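Visitor: only geometry, no sequence info:
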């Protein structure tokens, strides 16, 4: 459990202590404020609500569910209850409390809470997140992600998977917003709807691959601009990405149903986008990207 | 490396680091909330200098903990001492302090202003003109100490012990000065408590013996406050943060406050009840719980003294619990929501909702009242008595989320010496008229002196300002100016105050960062100690420069009190002939004076369980540990001590009374924790009370005469107040029935959140935030008077009037006006604090006094450039001077609410004008004195006072007998 706590701390803004932790874990580089900001502030936001929320944004119902989990435990939710570091630290704390509990009932209840946290609020999104981090993250965060992914796999292996999917996933809506560019851009950027994680790095790659102008702005704005410049090429590119993600998810190969959910989402997204791209007219004439 | 190996490696590293007492996972972490400098770096901490921005200029600090000296919470502070200049640059929170947990209100950081105040008193001063004339000369500490010692020695030699008096605001350290006075054999302790919390204390005391509550807010489900506790009040910072934690978890907050205070704005139920009606509302809730059988019957059966009540009050009925329940329901049947609504002006439906809420709390009901309604009303002590009634009904006492007795959440280490209490009784402070007074009748002192009940030869006012703080300030001026009544007045104060102008000596005392004190307060269910220390002394010692006297490091010749008292005591009895010197003599080096280092080292080494071991684990002595961290948690989660079974070893030749009170001949075990406790009397065979039999088991119980929670107070019944022996409601002196036509209630008891009584005028940051105290007046009433916000109004009390600005608001109920007492500081020409004191003229003709502001606050040149940036001119209005004394006939507390008339100011009235006739003050004093039931008339056993009650200095039992004479000795 100490390893998980250390990995949680490494997701925090770095200081002298994280440097020592990185050395202890033999990470190939020292965490710096610049790298941390570049990764966690601009590419892969370290909050569960971004990945399992219906809006793909911070907060909302997904964060409320996690805050509710804290309340059920009798604890006041911290200001950012769905931050990766907070979730991992809580996981460790529950495990420690369970192992220290003398009363079997309390131990059992704490153990149940730990398993619930693991399957509902960590494994529901963290493997996808770490997969992407391993792909695009600079060191030491790429190695950090590998370590954390391996650790979480080991944790998942300790307990049988629940029969039901996590509530976040059961309640997740599918890709929508096919009626205009703005809505599509917004919807495609919601991981739990689409099964894909699109970062700024990916959009820059799309611009290069498609020969499109990459406008400066938030991801939705950039993507909507692509759709305005060349909707068909952009939609085809997105469909290819989704197909790629479907295979990636399938490769993670677990029996919980969570992987299957993400893979299925990506597969359906690919299909929907291909159908949209193959249509005679992609968007109505005159539909323009809203820039305000 | 495998994951397991990595895990082990991290764990080993963590254990190694934490084994050194250092922090492994610091940083601004969401995980550890550790946004504080890691403690292992406190010796050498580097920060960027904020004033140098944008240049990145590094400053090196040594961080030294102390505790705040502003309000009574004693929150932890961390002084940032610049390593180059050895000056304190700022104060922040001390994360190691269990009460405040690193958080502070505005007053904590503003300590810096007080330390650097250009107007502070730096040297001992001696009066050179008439008293009050404002002329001073600098004198040496030696000269002062020699004169004081000589004078006190002479008084003791001539058996004039009662002419020595020490009058204190909030104490610096639990029991320190009491022990000094005890060493002198003087019953001269005079606290401010009867203008503060006596009514609050009395209500709790008559239930459980302990006189203070300790709510476990953080774990409560329902919180009921009769106070503005989220913004001000005892331990409000430690309490407020825990109240908010509970609210975040879904706890409900009920607030009684006539004003829409900051606290009321956070309430789920705000109950702006008519002042003085609170007990009626609380009894209606209690009645509901009883009628609906929503209380914890088993708890009531086990722990209340219902059997005693039935035996005394219903001797004809069978003493069974079922009969008691029937009687209980009858007793409170008439306290309906409708009756309470009539008294309070609240809606019956709202009261029912609140009652339902209370009923839903189970044992997680945390309640609190300290001043507020208790301090405002005659009979105000019935507010906490009826509030705690709810806890007693719900079994919400000393279990998680409930209210605890303070003494179980407080730790006072046994000091190096505990001199016996004086064998003398001081009737100037404990007069016969008030046998049940919670504390000294301090605010009646001018009247007692004028009546010839005694005189003072040496009178210390210590960080206390009765002229400004107490009601009837002009009567104080009259006696302080009279050298026949007060022979020598010594003001011990860090900063100028209104009382100090009428002193013979003004002696500069240290602020938070300049003095030692040891505290423990009931902030939550735990016991902790906090250590206040001269931070520059600790900083120098870290740098290898020993310091033996705080004057070596403090500004000017500012001294700490402990060293002052030890030195003075030594000089009173230099050769030990009086038996006094032994209490200030070093044990390490007999024959020499005790130093504060030895004094605290002794306590930390011998009287704080766990501290020596904790310190040793870090390679420190206990004193060094406390100097480094400033606090130590002795015990967490103390729990319901009353349920503890009394150990067999304490049960020798036991006796048992009819109610199950158990007495023993076994001596009382000596404890390291010397927190003051009531002392229920022994049985007729001289055996001490040790517990109470509950369902066949002898449990510790409560320190009350019965050993149980006293629904029925034998003490009140036997000492003249049988009608108040059970929780009841009594109409306040400001009840509409007791008011004349055209009168309104004036509430003056509330604080301004960033100020603290007389202590904070010398904090420029706080002064800038708050510097006025307008009269809150309801919109409709303002319209009737033709008054708008900012207009001058005249507020007439029974003895005079004051002129203040109106603040028209919907935030107060009609029929009531309010003005905070936290303002209206003034100075005469000459010395004074210029940032929040207006300059005034005092006019005096016979009994008639007037105070007129001649100049408001203004910018001035000083070593602090900020004083030239002062933009405010206001300093508020001093209303307390226009209040007559209102001593509660039972508790002795001054009842602050005033019946006043408000009208538009007259032509010629100026802001801040005050007029008072002290002849009327005397008349009002006599009217209230006539309400008392003196010991001579009601004492059941010929004593002055029930021996079991707390008393700061407690003479032995033989001093309790009523003297045979009609008038006290020493009368003029």
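Guide: Good, I have the coordinates. Because the structure is predicted, anything quoted here is derived from the model rather than measured.

Visitor: use CA for all of it now, contacts and neighbours both
Guide: Fine.

Visitor: ok, residue B:85 - how many residues close by?
Guide: The number of residues packed near residue B:85 is 9, by other C-alpha atoms under 10 Å in any protein chain shown.

Visitor: now the stretch 401-550 of chain B against chain A: closest residue?
Guide: residue B:401 (12.5 Å; C-alpha to the nearest C-alpha).

Visitor: sec struct for that residue, please.
Guide: Of the three states, residue B:401 takes coil according to DSSP: H, G, I helix; E, B strand; the rest coil.

Visitor: run a quick neighbour tally on it.
Guide: Residue B:401: 27 neighbours (other C-alpha under 10 Å).

Visitor: do residue A:257 as well
Guide: Neighbour tally, residue A:257, other C-alpha under 10 Å: 17.

Visitor: wait, what's in contact with the residue lying closest to it once chain neighbours are set aside?
Guide: The spatially closest residue to residue A:257, leaving aside those adjacent along the chain, is residue A:165, at 6.6 Å (C-alpha to C-alpha, 6 or more residues apart in numbering or on different chains). Going by C-alpha atoms under 8 Å, 6 or more residues apart in numbering or on different chains, residue A:165 touches A:120, A:256-258.

Visitor: not counting its own residues, what contacts the least confident helix or strand in chain A by mean pLDDT?
Guide: Least confident helix or strand of chain A, by mean pLDDT, DSSP states H and E, is helix A:16-24 with a mean of 88. Applying C-alpha under 8 Å, 6+ apart, the contact partners of helix A:16-24 are A:6, A:9-10, A:29-31, A:140, B:6, B:9-10, B:24-27.

Visitor: again, only this time at 7 Å
Guide: With contact meaning C-alpha atoms under 7 Å, 6 or more residues apart in numbering or on different chains, helix A:16-24 is reached by A:6, A:10, A:30-31, B:10, B:25-26.

Visitor: the stretch 201-350 of chain B: helices as residue ranges?
Guide: Counting by DSSP state H, counting those that start in this stretch, the stretch 201-350 of chain B has helices at residues B:236-248, B:262-265, B:278-291, B:297-303, B:306-313, B:321-332, B:337-344, B:348-360.

Visitor: need the phi and psi values for the nearest residue to residue B:640 once chain neighbours are set aside.
Guide: Computed as C-alpha to C-alpha, 6+ apart, the closest residue to residue B:640 that is not its neighbour in sequence is residue B:398, at 4.7 Å. Here the main-chain torsion angles of residue B:398 (degrees, to the nearest 10) amount to phi 60, psi 30.

Visitor: ok, residue B:398 - contacts?
Guide: B:404-405, B:639-640 are the contacts of residue B:398 under C-alpha under 7 Å, 6+ apart.

Visitor: just to revisit the earlier point, after the least confident helix or strand of chain A, which helix or strand is next?
Guide: Scanning forward in sequence from helix A:16-24 by DSSP states H and E, the next helix or strand is helix A:33-36.

Visitor: what is whatever helix or strand comes next after that following helix packed up against?
Guide: Next along the chain after helix A:33-36, taking DSSP H and E as the criterion, comes helix A:48-52. Helix A:48-52 sits against helix A:60-72, helix A:191-194, with contacts defined as 3 or more C-alpha pairs under 7 Å, 6 or more residues apart in numbering or on different chains; DSSP states H and E.
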